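*Asks:* coords please:
(2 chains)
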Amino acid sequence: LAKTTQPISMDSYEGQEVNITCSHNNIATNDYITWYQQFPSQGPRFIIQGYKTKVTNEVASLFIPADRKSSTLSLPRVSLSDTAVYYCLVGPSGSARQLTFGSGTQLTVLP
Amino acid sequence: DTEVTQTPKHLVMGMTNKKSLKCEQHMGHRAMYWYKQKAKKPPELMFVYSYEKLSINESVPSRFSPECPNSSLLNLHLHALQPEDSALYLCASSPRDGGGANVLTFGAGSRLTVL
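*Replies:* Below is the predicted model of the structure:
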């Protein structure tokens, strides 16, 4: 079961690029890396998913080095509305039991 | 329809009450999940249904009883709850159970308060 480690919190200012790194040293060969965003009193929302190298969509980029032991979520030009908790999930390689959320990163965007 | 709908949004119940939380999706997903989330904590997996059969029960107390009447509906029946069961209960669905590229779609949650 791949365990993830993220910073507990980060602060940024509007308009800046934010990079949140997740460590997952025991990632398995067939594990994917998925990031979710959660606002208070709402369900998590899928942001981006990747397996290796770089993935980009309309809201974020995900950078995964060759050894896949970490990943970095990049949010370009954040706004106040990006203030949320960001979770990195790794897996599952089999059962959905392995869809376990880590502690997440509280991102606060300041004006 | 790309949503997971949960009702009610808020529920207050006494420790002797029986109530139910409901979840519905029309995306054709074949796996559905219940998570529990306490304040400032990550969601914790409770149950997983795969093709309408219970595939995972994360040692949840029997006062929580899940039910999957069909592939679109998921219920969580609540009976004799404790105040510490107060939390946000999240329903999610995914195209299938497990698998490397599994992506969950979550509902907005039901906020439960047990008095």
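*Asks:* Would you agree A:Thr108 is in contact with A:Ile8?
*Replies:* No. The criterion here is Cβ atoms under 8 Å, and A:Thr108 misses it with A:Ile8 at 11.6 Å. The way it works is simple: take the backbone N, C-alpha and C, and place the C-beta from them, glycine included.
*Asks:* Looking at these two, which is more packed in?
*Replies:* A:Thr108 (12 against 8; other Cβ atoms under 10 Å in any protein chain shown).
*Asks:* List the beta-bridge partners for the more buried one.
*Replies:* A:Asp11 (DSSP bridges).
*Asks:* Need the pLDDT of it.
*Replies:* At A:Thr108, the model reports a pLDDT of 98.
*Asks:* Touching the helix or strand containing A:Gln49 from outside, list them.
*Replies:* A:Gln49 belongs to strand A:45-50 when assigned by DSSP states H and E. Strand A:45-50 has contacts (Cβ atoms under 8 Å, 6 or more residues apart in numbering or on different chains) with A:32-38, A:55, A:57, A:59-62, A:64, A:71, A:73, A:86, B:101, B:103-106.
*Asks:* May I have the helix or strand just after it as PDB, with CA atoms only?
*Replies:* Later in the chain than strand A:45-50, the nearest helix or strand by DSSP H and E is strand A:53-56. The C-alpha atoms that make up strand A:53-56 are tabulated as PDB, following Å, rounded to 0.1, in the frame of the first residue of the first chain:
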ATOM      1  CA  THR A  53       6.600  12.300 -17.100                       C
ATOM      2  CA  LYS A  54       4.200  15.200 -17.400                       C
ATOM      3  CA  VAL A  55       0.500  15.600 -17.800                       C
ATOM      4  CA  THR A  56      -1.300  18.900 -18.400                       C
END
